[in-house]
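A.B. asks: predicted model and sequence below, questions to follow.
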Amino acid sequence: MQNRAVNSIQSNMTNYKETCRTFHLEAPEYYNFGLDTIDRWAEDPNKLGLVWISDAGREERFTFADLKERSDRFAAALLELGLCKGDRVLLVMGRTPAWHVCLLGMLKAGIVAVPGTMLLSPKDIRWRLQTAHCKAVVVDSDIAPRVEEVRRDIPDLQVLITTGESSAGWLSFQELLNSAKTASFPRTRISDPALIYFSSGTTGAPKMVLHTHAYAIGHNLTGRFWLDLKPEDLHWNLSDTGWAKAAWSSFFGPWSQGAAIFFPELKGKFQPSQVLAMLEKYPITTFCAPPTAFRSFVQENLNAYSFPRLRHCVSAGEPLNPEVIEAWSKATGKTIYDGYGQTESVCLVGNYPCVPVKPGSMGKPIPGFEIAIVDVEGAVVETGREGDIAVRVKPDRPVGMFQEYLDAPELNAAVHRGDWYITGDRGIRDCDGYFWFVGRADDVIITAGYRVGPFEVESSLLEHPAVAEAAAVAKPDSMRGNIIKAFVVLAQGYVPSEDLVSELQEYVKSTTAPYKYPREIEFVRELPKTISGKILRRQLRDLSATNRSDTSTEV
């Protein structure tokens, strides 16, 4: 079956306004990413789809034809085991080609994948299996023992598959592939469930974000416009497989455009020098990394590296500071195109090669979506005024938005305001149509009646050569309600001192509004982060609430 969704976009964007005016993403009644997109690319038996590098340096290359054959076998194996369309399966694997094969196979079989990160504890796994009513798990051999600890608590659990060897109650992924027979697969409507992501909020247990098969169609926008991919590209995204960013940039986005994916194993602690060496060694043309990674890269001696094939760089997860964009551009000659979206969406706002970049800005809405800044009543606010970043979902819900939060009617009602879905982020739209991130609604600091976005404070601190990373949070104060407290990771060659605290405070006063300077600064070895690289400001807020010192130079 011809993939009409892919064919609806013929070329990369060259004129932003004209593309937004004329753009329409076709969404057919029936669609399956595995059958209608991957299998179409597989018609060319030599077209490269995936390059995997083991930690030992072994390289394996997979054509789309290879991926089709293996995913067909895995989908057939799942159906032979008694799983049915609509059943939910927990998928937890590291950076291995098996992850791609398994996810493709689940999509082809109409089975709902529930991805998770390798950092899940037994308690986390129990919660996900119980809450999502999973009938099976497909996990890395390192995760199988954690499942064993809780499997007796999950009466719905019927099938256990591991990348390791088969054992009591466990089936081997490779043996299933070797023995699987051919099968016909159920047709999937774009409205059928495809993926469930668990997304953590600032309070409460993780919520279930349901995506249908339309999600894959929506990522044509991510791959074509923001990632700027073409069929001849080799794209590398640093994301962990358990994060929705992997769906954006290690799966749907690149493969919707026929680009090959670079997928090194990268076990252990993140090493900036290792990543930079790979960028130099392999013919990678497009690169996606979180802001925390780019901040680490610019602390390295970038002049020692050369990236002859690299043409396009993007970042997402948190806003990217202008000084990091400038440092990367100065060293590599490449601009970093920041992007914005959520677990609940495809790319919503971004910077694109055809549009001038305003460093520090989120960019402009991606074609096919209407994004606005709205007030508490759901009315669009005037230019330059802060408000809630919102997506228009009525009368028509854009292709690529999540279907709902499962089993959470109150939450679904809370995030909708009139015709808008409220992202939970605060922002500003300027007179040129660019959006600027202020912070999560829960992260915005109100001090002495002033509203201060943490990003403003952090960006100012990062302009100082002594600062490698920074996070700003509110700390309760009897006089001002809250004061601004900053946690700072120092660059190499700098040591904590009271004099440096004063120097940084004065620097922020001189580079932004004086009321935005941090009245307390604490030096730390590292900032707490999620697996996706986002700073856990709520954890820092909790720490600040119990820390009564005016300043701290402890590391």
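C.D. replies: Everything's here; your move.

A.B. asks: for Ala545, what are its contacts?
C.D. replies: The contact partners of Ala545, by C-beta atoms under 8 Å, 6 or more residues apart in numbering, come to 475-476. (Each C-beta comes from the backbone N, C-alpha and C, glycine too.)

A.B. asks: er, Ala472 I mean
C.D. replies: Residues counted as contacts of Ala472 (C-beta under 8 Å, 6+ apart) are 445, 452, 454, 457-458, 461, 484-487, 518.

A.B. asks: ok, which stretches of the stretch 151-300 of the chain are helices?
C.D. replies: 173-179, 214-221, 244-247, 253-256, 272-281, 291-297 (DSSP state H, counting those that start in this stretch).

A.B. asks: most tightly surrounded among the ones you listed?
C.D. replies: helix 253-256 (a mean of 28; mean count of other C-beta atoms under 10 Å).

A.B. asks: quick one: which of the contacts of Ala472 is nearest Pro476?
C.D. replies: Pro476 lies nearest to Lys485 out of the contacts of Ala472, by C-beta to C-beta, at 10.0 Å.

A.B. asks: pLDDT weak spots in the protein?
C.D. replies: 1-11, 200-204, 449, 531-533, 547-555 (pLDDT under 70).

A.B. asks: got the domain ranges for it?
C.D. replies: 4-429, 443-545 (automatic domain parsing).

A.B. asks: let me have those in a markdown table, extended by distance to Phe435.
C.D. replies: What follows is those, written out as a markdown table (distance: least, C-beta to C-beta, whole Å):
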| stretch | distance to Phe435 |
| --- | --- |
| domain 4-429 | 4 |
| domain 443-545 | 13 |
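
A.B. asks: out of the ones you listed, flag the one nearest Phe437.
C.D. replies: domain 4-429 (4.4 Å).

A.B. asks: so how far is that closest one from its chain's centroid?
C.D. replies: Distance, stretch centre to chain centre, for domain 4-429: 7 Å (C-alpha atoms, centre = their mean, to the nearest Å).

A.B. asks: ok, stretch 498-507 next?
C.D. replies: That offset, for stretch 498-507, works out to 34 Å (C-alpha atoms, centre = their mean).

A.B. asks: measure the residue of the chain most remote from its centre to Ala448 for me?
C.D. replies: Ranked by distance from the centre of the chain (C-alpha atoms, centre = their mean), the top residue is Met479, with 38.9 Å. To Ala448, Met479 is 8 Å away according to C-beta to C-beta, to the nearest Å.

A.B. asks: now Met401: how far from Asp338?
C.D. replies: 21 Å.

A.B. asks: who's more crowded, these two?
C.D. replies: Asp338 (29 against 21; other C-beta atoms under 10 Å).

A.B. asks: element containing the more buried one?
C.D. replies: Per DSSP states H and E, Asp338 falls inside strand 336-341.

A.B. asks: buried residues in the helix ranked longest in the chain?
C.D. replies: The helix that spans the most residues within the chain, counting by DSSP state H, is helix 64-80. By neighbour count on 16 or more other C-beta atoms under 10 Å, the buried set for helix 64-80 is 64-68, 70-79.

A.B. asks: quick one: which of these is nearest to Tyr434?
C.D. replies: So of those, ranked by how close each gets to Tyr434 (C-beta to C-beta), first place is Phe64, at 37.2 Å.

A.B. asks: where do the strands sit along the stretch 401-550 of the chain?
C.D. replies: Ranges of strands within the stretch 401-550 of the chain are 404-405, 416-417, 420-429, 435-440, 445-447, 450-452, 467-477, 481-490, 520-523, based on DSSP state E, counting those that start in this stretch.

A.B. asks: what strands flank the first one, and is each parallel or antiparallel?
C.D. replies: With DSSP bridges as the criterion, the sheet partners recorded for strand 404-405 are strand 207-212 (antiparallel).

A.B. asks: quick one: contacts of the strand it pairs with?
C.D. replies: 131-132, 190-201, 244, 343-344, 402-408, 411.

A.B. asks: in PyMOL, select just the buried ones from those residues.
C.D. replies: In PyMOL syntax, the buried subset of the contacts of strand 207-212 is picked out as below (16+ other C-beta under 10 Å):
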select buried, resi 131+132+190+192+193+194+195+196+197+198+199+244+343+344+402+403+404+405+406+411
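
A.B. asks: how about the strands in the stretch 101-250 of the chain?
C.D. replies: Using DSSP E, counting those that start in this stretch, strands in the stretch 101-250 of the chain cover 112-115, 136-139, 159-162, 171-172, 193-199, 207-212, 234-237.

A.B. asks: once you drop chain neighbours, what's closest to the residue nearest to the spatial centre of the chain?
C.D. replies: Residue closest to the average C-alpha location in the chain (C-alpha atoms, centre = their mean): Lys245, at 2.6 Å. Nearest non-adjacent residue to Lys245, counting by C-beta to C-beta, 6 or more residues apart in numbering: Ser239, 4.1 Å away.
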